[in-house]
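Visitor: Take a look and give me a structure for this.
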Amino acid sequence: MKRILILTLIAGLITSFNVSAQQDKSKRPSPPAKVSQTLASGAAISIDYSQPSLKGRPLSQLAPEGKVWRTGANEATVFETSRDVKIEGKTLPAGKYSVYSIPGEKEWTIIFNKTWNQWGTAHKAEDDVLRVKVKPGKAPKFAEVMAFDINKAGNVSLTWADTQVDFKVQ
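Guide: Below is the predicted model:
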């Protein structure tokens with residue numbers, strides 16, 4: 001009887017572990033989102049990310065100035081391009097990249113890292129493929145939830161709180 005009870009408990013633990021390991025991403029506090037666009041050059045670009053919320057916290061607490069930030073939540077944000085593109089005039093080869101940033105009051109650094117299939121906080125600078133510096137601006141309206149947008153001209157916008165950070169993809 002003890003043996004059956006122990007085996008039942010072990011089976012229950014394994015089942016609950018598998019269920020939590022295959023968690024539905026849409027049920028997370030920071031839900032998944034994806035934006036895509038085909039540029040005039042024919043390059044198809046997409047950003048696959050999780051959307052953190054402020055929940056009464058200042059943006060600087062979640063994306064601290066001067067420190068590498070995962071630019072999203074959960075797994076690393078993934079930027080994918082089907083062709084070589086120029087980001088702020090610098091070449092990024094076709095492929096998948098994790099996106100990190102270094103927020104600042106007057107300048108943000110957007111980082112494209114070759115290790116894309118990882119948890120978002122696992123950044124290694126030696127794997128950075130491209131870094132570009134851009135100026136942050138004021139968002140047109142306050143955004144509780146972080147979001148990316150890509151327009152047909154290749155303008156990518158990251159909006160969160162009262163901040164908007166744009167970079168150009170061609």
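Visitor: only C-alpha atoms for contact and neighbour calcs from this point on.
Guide: OK.
Visitor: contact partners of stretch 146-154?
Guide: With contact meaning CA atoms under 8 Å, 6 or more residues apart in numbering, stretch 146-154 is reached by 35-40, 47, 51-53, 72, 156-161, 168-170.
Visitor: Select the helix or strand of this structure having the lowest average pLDDT value.
Guide: helix 2-21 (a mean of 47; mean pLDDT, DSSP states H and E).
Visitor: about what we covered before: looking at the contacts of stretch 146-154, which are in strands?
Guide: Counting by DSSP state E, the contacts of stretch 146-154 place 35-38, 47, 156-161, 168 in strands.
Visitor: From those residues, list the buried ones, please.
Guide: By neighbour count, with 16 or more other CA atoms under 10 Å, the ones in strands among the contacts of stretch 146-154 hold 35-38, 47, 156-161, 168 as buried.
Visitor: was I right about residue 30 contacting residue 73?
Guide: Yes. At 6.4 Å, residue 30 counts as touching residue 73 under the criterion of CA atoms under 8 Å.
Visitor: Mind listing the shared neighbours of these two?
Guide: With CA under 8 Å, 6+ apart, residue 30 and residue 73 have common neighbours 50-52.
Visitor: What's the local residue count around the residue nearest to residue 87 when sequence neighbours are not counted?
Guide: Spatial nearest neighbour of residue 87, excluding adjacent residues (CA to CA, 6 or more residues apart in numbering): residue 169 at 4.6 Å. Look at residue 169: counted by other CA atoms under 10 Å, it has 23 neighbours.
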